[in-house]
Every structure is written in structure tokens, then in C-alpha cells.
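Participant: I would like the atomic coordinates for the input below:
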Amino acid sequence: MLDIKDRIINKKATIAVVGLGYVGLPLAVEFAKQGFKVLGVEIDDRKVASLNRGNSYILDVEREDLREVINSARLVPTTDYSKLKKADAIIICVPTPLRKTGEPDLSFVLSAVSEIKNYFNRGKAVILESTTYPGTTEEIILPLLEKKGFKAGKDFYLAFSPERVDPGNVRFKTRDIPKIIGGVTKKCAQIAGLLYKQIVEKVIFVSSPRVAEMVKLLENSFRSVNIALANETALICNRLGIDVWEVISAASTKPFGFMPFYPGPGIGGHCIPTDPMYLVWKARLSGYEPRLIKTAQEINSYMPHYVIDKVISALNLRKKTVKGAKVLVVGITYKPDVNDLRESPALEIMEELLNKGANLSYFDPYIPELKFGNRKFKSLKLNSVRVKDFDCVLIVTNHSRIDYSVFKNCKLIIDTRNAIPWKGKNLEKI
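Facilitator: You can find the predicted model right below:
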């Protein structure tokens, strides 16, 4: 019988991906495309049913690619954890949200590991991709898997490899993004690295899972802090009567020592609003109170309120109150060209506008319907005649599929993303 190393090299290994979301589904499809048998374990039976019909709910996964691996049975989506008995390698890609208290919520990870443990035997590899705080793999997952008397590096292989998915990025797909590997032992790292080398161009080894876990938190804290700097610069420029977009454009001409980040209505997605707070929580446990990361989160969290104030002020200047005003929100996903609403600042902005009595509509080519409490909204069909009736058009997300020329003669446009390619008295920017 071949050991796991030989089974990976000969593509005889069965790979299980637990959690078929924005991270897990592209990963599962990529392994299947490379000839592996893949079990996709997902607790949401609606997602499993959709996949088995060949329908992708993730825009980054092409329907043709999905149908090829489904029809060939190289990818088998299921809600049945017992199928993990057949898996040689199990990759965990489940959510790691924050609790209301700001503490990490590892309940999805713990639930997955609890199920894995029921069907665990010698020779398997387990890799965690879910973002978490340094120490999770070795302090929580390792003891659970060793309860059967197995020893990591000898009886099974355990590693952490942070996900680096960027939804909607057409340039960098799963295969193009280097994988960081931190194994509990050197042998664990080697097995995990060998597995990922089957689907990615480059694998980078670090000394431990703790280092790999910290890498992910640094990457997203870097983004959070620099976005906060851009947002605070926008707030300052607004007070000084300076166009922040012109400032950033000019600063970007410097060939060294500057990297452009851009202001916006807030931060969204799973990573940037959440991951830095995992680091803050862990640092506090060690006796250090982080300041820069925490301040960055506060600045970024303030931006939706700033946008609301901008709307109210702009309407007041036109002798109009927000109560009763017809407001069209354009683009409501958390970033351009995705159908992902997780933590989208547009949702907070829209909710506050509704609370203030605005007559609200929205347009987003990726979100045909939206529900707020008991109220249902449908994405408006845009044309230049219809949009002229709105007292305010608020651009939150800049989708490439939006024809902004239809807004040219609107009464008021507030552009939070520098999407409008012209200037005018009816245009205000963030």
C-alpha cells in the first residue's frame, strides 16, 4: 500500500476540503482539475445541491470548470462527514468570525475538527487554512487529534497554510498565489508542501504554524492600517478643501517609498474587518496593548458614518432633508466585481439611511435582491431618465459593469470610489 507521499505524487490521494465557501470551493476545484479525487464537505445542503447541479455560487469558479469536475466525479460535494474516512488529506476552510465581544470565534473550526476526529486514522494529513491567531494549530487542534494516541509527524501530519484568496481578482488565481506552509514538524511541513505543489507554482516554508498564522494576520493588518491612513487623509483633505484623489495620484508617481492605498466608505469582506482583531486579542493575552491596529480599525469603522454625514450635508445645501429624500445607492458588495456582501459598508449605510427616513433604492449588477428586516428590495434597472428623479445618487462600490454616464444629469452624485470620470456642480467626492 502506498504511503501518503507516494499517493500524492501519483495523484492517487483523496483530498477532502471542509467548507466550500470563497476559499474552499476554488481550492477543491483546482485539486480536482489536477486529477485528484476531491471530497467537498459542506454543512449547507443548499450549496451542495447547487454544486451537484453544476451551478457555482462563487464568481471566481467558472461554471464550465465546475461542471467538468462534477460530471467526471473528481469533485464530490457532500454534507456527510463520514466520507472523510476515505480522505488522505483534509484541508479545513471554515469561517472564523468575531464574537460580539471582539473575541475570536473558533466554533466552526472546533466543530470541523470534532467531526474529523471521528473518522481519523494513521497516515492522514490535516491542514488548517482558516485565518486564526498564532498558536491555534498547536495549542488547540494538535491536542484534539493526538487524543487517539497518534503522534504528529509520525502517525499523522498537521500544518497551517493561510488562505490568500482575493475574490474577483482576475490576475491572481489559486495557482498563481504562493502558499505559506508551517508544519508542526519538519515531516508535516514536507507533506503539506508536497500536496500544495500539485496545484500552485510556489511553496514557501516557515519554521512553525505560529509563524504561518502570524503571516496572515500581518498581511491583513498591513492593509487595514494603510487603508486607514488613506481614509484619514481623505477626512483631512475634506476639511482643507483638497481633492484627496488628486493627492494620491500625484504621490503615486514617486518610484520608491510610496504605495497607493485609497479611501472608501468603509471596509468589508471577511478578512480586513476581522483578522487584525484576532491579532489584537492575542497580543492583549500576552500583556501588550496594540495601538496602531486598533486605531486603524476605529478609523475604518467610522467611514460609513462619515458618508451618511456627507449625504445629509449635501442634501441640506440643496434645501432637502434626508427624510423623504429619494436616494439611490449604487454598488452594495464589499468590493468591485464580486457578489459578496460580507461586512459590506453599503449595508450599514443603507440601514442608517432607512432609519433616517430616506426613500431608498439600490442598483448592483451582482445582487438582484436584498432583504432588510421585513423589507425586500430589488436592484433597480438603470437608465438616464429614471435616475434623474433621485435627490441623491450614492456610489459605494465601483463595479466595472456599471455605465456611469447615465448619472451625468442627476441632481446630486456622491462618489465614494472616484468612479465618475467627469467633474460638475452635481458631483461631490468622499
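Participant: Surely residue 429 and residue 245 touch.
Facilitator: Yes: checked against C-beta atoms under 8 Å, the pair residue 429 and residue 245 is within contact range at 6.6 Å. For the C-beta atoms, the positions are set from N, CA and C on the backbone; glycine is no exception.
Participant: Between the two, tell me which one has more neighbours.
Facilitator: A count of neighbours by other C-beta atoms under 10 Å puts residue 429 above the other of residue 429 and residue 245, at 22 against 17.
Participant: partner residues bridging the more buried one?
Facilitator: Listed by DSSP bridges, the beta-bridge partners for residue 429 are residue 415.
Participant: what about it, distance to residue 396?
Facilitator: Taking C-beta to C-beta, to the nearest Å as the measure, residue 429 and residue 396 are separated by 13 Å.
Participant: Give the residues shared as contacts by residue 429 and residue 245.
Facilitator: Counting by C-beta atoms under 8 Å, 6 or more residues apart in numbering, the common neighbours of residue 429 and residue 245 are residue 418.
Participant: Determine the longest helix present in this protein.
Facilitator: Looking across the chain with DSSP state H, the single longest helix is helix 209-240.
Participant: Could you give the separation of that one from the chain centroid?
Facilitator: Computed by C-alpha atoms, centre = their mean, to the nearest Å, the separation of helix 209-240 from the middle of its chain amounts to 15 Å.
Participant: let's number from 18 now, not from 1
Facilitator: All right, first residue 18 from here; so that's helix 226-257.
Participant: immediately after that helix, which helix or strand?
Facilitator: Remark: after helix 226-257, the chain's next helix or strand is helix 261-268, criterion DSSP states H and E.
Participant: Pull the distance from that next one to the chain's centre.
Facilitator: From the chain centre to the centre of helix 261-268 is a distance of 27 Å (C-alpha atoms, centre = their mean).
Participant: helices or strands next to it in the packing?
Facilitator: Contacting helix 261-268 under the criterion 3 or more C-beta pairs under 8 Å, 6 or more residues apart in numbering; DSSP states H and E are the following elements: helix 226-257.
Participant: Now the lowest-mean-pLDDT helix or strand in the chain: buried residues?
Facilitator: Evaluated with mean pLDDT, DSSP states H and E, the helix-and-strand set of the chain has its lowest mean pLDDT in helix 401-404, which scores a mean of 87. Taking 16 or more other C-beta atoms under 10 Å as the neighbour-count basis, helix 401-404 is seen to contain the buried residues residue 404.
Participant: How far off centre is that helix?
Facilitator: Mean C-alpha position of helix 401-404 versus that of the full chain (C-alpha atoms, centre = their mean) differs by 33 Å.
Participant: quick one: strands adjacent to the helix or strand that it is followed by?
Facilitator: Next in sequence after helix 401-404, counting helices and strands by DSSP H and E, comes strand 409-412. When sheet partners are counted by DSSP bridges, strand 409-412 sits next to strand 343-347 (parallel), strand 430-432 (parallel).
Participant: Which strands border whichever strand or helix holds residue 175, and is each parallel or antiparallel?
Facilitator: Remark: residue 175 resides in strand 174-177, with elements defined by DSSP H and E. For strand 174-177, sheet partners with direction are given as strand 142-145 (parallel), strand 196-200 (antiparallel), following DSSP bridges.
Participant: which residues touch it?
Facilitator: When contacts are taken as C-beta under 8 Å, 6+ apart, the neighbours of strand 174-177 outside the stretch itself are 21, 141-146, 153-154, 158-159, 162, 169, 198-202, 204-206, 208-209, 226, 229-230.
Participant: Might you list the low-confidence residue ranges for the chain?
Facilitator: Counting by pLDDT under 70, the low-confidence segments of the chain come to 18-19.
Participant: How about the contacts made by residue 447?
Facilitator: If a contact means C-beta under 8 Å, 6+ apart, then residue 447 has 251, 255, 261, 280-282, 323-324, 327, 431-434 as its contacts.
Participant: Check the spacing between the residue nearest to residue 375 when sequence neighbours are not counted and residue 290 real quick.
Facilitator: In space, and not counting its chain neighbours, residue 375 is closest to residue 344: 4.6 Å by C-beta to C-beta, 6 or more residues apart in numbering. According to C-beta to C-beta, residue 344 stands 24 Å off from residue 290.
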